[in-house]
Each structure stands twice: as structure tokens, then as C-alpha cells.
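Trainee: I'll drop the sequence and a predicted model, then ask my questions.
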Amino acid sequence: MAFEGVLIDPGRREVHRGHRLVELTALEFDLLVALASAPGRVFTRRQLLERVWGFDFFGDERVVDVHIRNLRKALGDDSAAPTVIGTVRGVGYKMVAAPR
């Protein structure tokens, strides 16, 4: 999965930002892959929870926000001017990096 500035290798479970290997937790990686599976599509917190944590997740949906924040930090993505993961206020998140 190749995007502007980001290369995701699901088989190796690796993410590269430019020439740098990005260290991600398993949940952060799975969250990035879920967003990258449909670039531009907005996923609600509930949809991301179901895709990444599973249908039987019980808890606060805001856990997604915490992992998105950590994922952005690891990628060096600025939430004020995102180049990888965008926020759609009141709805959820989407992959804003353009596919290559």
C-alpha cells in the first residue's frame, strides 16, 4: 500500500515514512491499515473499533482518539495540517494521503 510519503507493507507489518521505518504498536498498525484500505472514506469510531478491536469490544469509543493521536505522533503527522490522517469533526477519521 503506497501513499504520498507513506509505504505500508501488511505482510511484513512495516510502515515507512520516507526512508525511515516507523515503530508502531499492533493496534496502531491495524488502525492505519483500516484507514488505508479505503483512502478518502470517513470511518466512524465505531467502524474502526469493529475493524480493529472486533465486534465484541465494550468500552469507550474515545480509545480510537488516543490511538490516532499516537499514530500521528509516530508518523510525524500534524493534526492541524494533516498529510496522512485527517479528522472529520463529529464523525471520525480518514486517510488523506494520496495513493501512489
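Mentor: Yes, it's here. Residues are numbered from 1 along each chain as shown.

Trainee: how close does the residue positioned nearest the centre of the chain sit to Ala26?
Mentor: The residue lying closest to the centre of the chain (C-alpha atoms, centre = their mean) is Leu32, at 2.9 Å. Counting by C-beta to C-beta, to the nearest Å, the gap from Leu32 to Ala26 is 11 Å. Where you see a C-beta, it was placed from the backbone N, CA and C, and this is true even at glycine.

Trainee: tell me the mean pLDDT for the helix ranked longest in the chain?
Mentor: With secondary structure taken from DSSP state H, the chain has its longest helix at helix 63-75. Mean pLDDT, computed over helix 63-75, is 96.

Trainee: Show me the contact partners of it.
Mentor: By C-beta atoms under 8 Å, 6 or more residues apart in numbering, the surrounding residues in contact with helix 63-75 are 6, 15, 17, 22-25, 27-28, 31-32, 45, 48-49, 53, 77-79, 82, 84-85, 87, 92-93.

Trainee: and the closest residue to Lys94 other than its chain neighbours, how many neighbours does it have?
Mentor: Leaving out its chain neighbours, the residue that sits closest to Lys94 by C-beta to C-beta, 6 or more residues apart in numbering is Val42, at 4.7 Å. Neighbours of Val42 under the rule other C-beta atoms under 10 Å: 15.

Trainee: Would you mind confirming that Val42 makes contact with Arg89?
Mentor: No. Using C-beta atoms under 8 Å, Val42 is not in contact with Arg89, being 10.7 Å away.
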